[in-house]
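Peer 1: Sequence and predicted model, in that order:
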Amino acid sequence: MTDRHEGDFAARIHLAAWALVGAGIGFFGAIAAARAYGLSGWVLFVGPPIGAAVCYAGAWLVSRAAGGAVLGIVAPSGRTTPSAPEYSYADALAARGQFEQAAAALQANAAERPLDPEPRLRLARLYRDRLGRPEDALAWFRRARDVARPAQASSIVRELLDVARRHLADPGRALPDLARLAETEHGAGADWARRQLKEIRRSVWDAGQSGE
């Protein structure tokens with residue numbers, strides 16, 4: 001049995017156990033209600049399924065909320081995208097510290113969805129934040145940018161520049177990406193890209209002058 005199937009099976013057992021607890025609570029609650037309010041015996045047949053359903057639903061909601069916290073590992077920066085079912089396996093692997101396996105799962109997601117930037121963004125962030133591979137992060141941010149909507153391109157280039165600046169100590173690596181954004185975008189995103197271009201070019205010029 002694979003890790004994924006084992007996890008699904010364990011989750012079902014966990015939820016079934018809570019359903020049994022709920023059935024017991026419902027049964028004894030029905031007995032108490034029958035005695036307190038003089039209800040007929042039919043309530044004994046209603047209490048267990050109601051209790052089981054309530055406990056099952058509560059346990060399921062708690063497990064879903066806990067699973068959402070895993071996104072902080074795969075997509076930890078700024079605003080995150082809610083986890084889609086197709087990424088839950090990669091999220092689970094990352095939660096267990098199996099980052100290489102999570103990267104392989106996200107690469108498979110990217111191959112299955114050639115026009116979707118989401119798996120590419122998740123993979124870039126995983127390489128940046130968990131695997132310490134900024135070159136791979138840079139490459140996958142660019143792949144995400146290539147298939148992203150225009151409105152999303154600016155935020156992706158911001159993350160790309162952050163990798164070049166903080167992790168590679170070479171903001172000049174982002175110059176082509178900033179130039180492309182400045183040429184193809186309009187409004188705040190393009191203005192930001194032009195400011196970054198000027199700043200980086202100025203710093204490169206100053207470094208060259210001081211080195212002479």
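Peer 2: The structure has been received and is ready for your questions. Residues are numbered from 1 along each chain as shown.
Peer 1: Which residues does stretch 103-119 contact?
Peer 2: 74, 81, 84, 86-87, 89-90, 93, 120, 122-123, 126-127, 131, 143-145, 147-149, 152, 156 (Cβ atoms under 8 Å, 6 or more residues apart in numbering). (Glycine included, C-beta is placed from N, CA and C.)
Peer 1: what mean pLDDT does that stretch have?
Peer 2: Mean pLDDT, stretch 103-119: 96.
Peer 1: which parts of it are buried?
Peer 2: Within stretch 103-119, the residues scored as buried using 16 or more other Cβ atoms under 10 Å are 103, 105-106, 109-110, 116-119.
Peer 1: likewise stretch 114-134?
Peer 2: So for stretch 114-134, counting by 16+ other Cβ under 10 Å, buried means 116-130, 133-134.
Peer 1: hey, C-alpha coordinates of stretch 148-161 in CSV?
Peer 2: These are the backbone C-alpha positions of stretch 148-161, laid out as CSV (Å, rounded to 0.1, in the frame of the first residue of the first chain):
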residue,chain,number,x,y,z
ALA,A,148,0.2,33.4,-15.7
ARG,A,149,-2.5,35.9,-16.3
PRO,A,150,-1.2,39.4,-16.9
ALA,A,151,-2.6,40.5,-13.5
GLN,A,152,-0.6,37.8,-11.8
ALA,A,153,2.7,38.4,-13.6
SER,A,154,3.8,41.4,-11.5
SER,A,155,3.6,39.5,-8.2
ILE,A,156,5.5,36.5,-9.7
VAL,A,157,8.3,38.8,-10.9
ARG,A,158,8.5,40.3,-7.4
GLU,A,159,9.1,36.9,-5.9
LEU,A,160,11.6,36.2,-8.7
LEU,A,161,13.5,39.4,-8.0
